[in-house]
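**Student:** Predicted model and sequence follow; I will ask about them next.
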Amino acid sequence: MMTPNSEQSRLYHDIGVIDFVIVEMNEYLDTHPTDKEAIEYLGHYVRMKNQAMREYAMKYGPLRITDVDGCNETEWKWATQPWPWEGGC
């Protein structure tokens, strides 16, 4: 099993934090659907997450199947790389 480097762990952690903000903003917007500032805030964090997911996929392999096209891999590692709960992150 690979041990993750600190940059990989930091990026994985950042993705989790950003995802938390997205979920919370989504819940807020469920009750405040016309809050334009909140909509812009959500959009900002969605873009941040997408960028972080692309960066992670390029460096360490995809976390989602939809990020496979962002990888510079020549072999299919989706099923063979360690998953985060297996110590991959």
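**Tutor:** Perfect, thanks for sending it.

**Student:** so is the residue of the chain positioned farthest from its centre in a helix, a strand, or just coil?
**Tutor:** Distance to the chain centre peaks in the chain at Thr34, reaching 26.8 Å (criterion: Cα atoms, centre = their mean). Secondary structure assignment for Thr34 (DSSP: H, G, I helix; E, B strand; the rest coil): coil.

**Student:** if I look at it, how far off is Val68?
**Tutor:** Distance of Thr34 to Val68, computed by Cβ to Cβ, to the nearest Å: 37 Å. Glycine gets a C-beta too; all of them are placed from N, C-alpha and C.

**Student:** Please read off the pLDDT at Val68 from the model.
**Tutor:** On the pLDDT scale, Val68 is placed at 71.

**Student:** Actually, Thr3.
**Tutor:** So, for Thr3, pLDDT stands at 55.

**Student:** just Trp85 next, same as before
**Tutor:** At Trp85, the pLDDT recorded in the model is 72.

**Student:** what about it, neighbour count?
**Tutor:** 7 (other Cβ atoms under 10 Å).

**Student:** ok, Leu63 to Gln51 distance?
**Tutor:** Using Cβ to Cβ, one obtains 13 Å as the distance from Leu63 to Gln51.

**Student:** And the helices in this protein, which stretches?
**Tutor:** Using DSSP state H, the helices of the chain run over residues 6-31, 36-60.

**Student:** got those as JSON lines, with distance to Pro82 columns?
**Tutor:** Shown next, in JSON lines, are those (distance: least, Cβ to Cβ, whole Å):
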{"stretch": "helix 6-31", "distance to Pro82": "11"}
{"stretch": "helix 36-60", "distance to Pro82": "10"}
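
**Student:** Much appreciated, bye for now.
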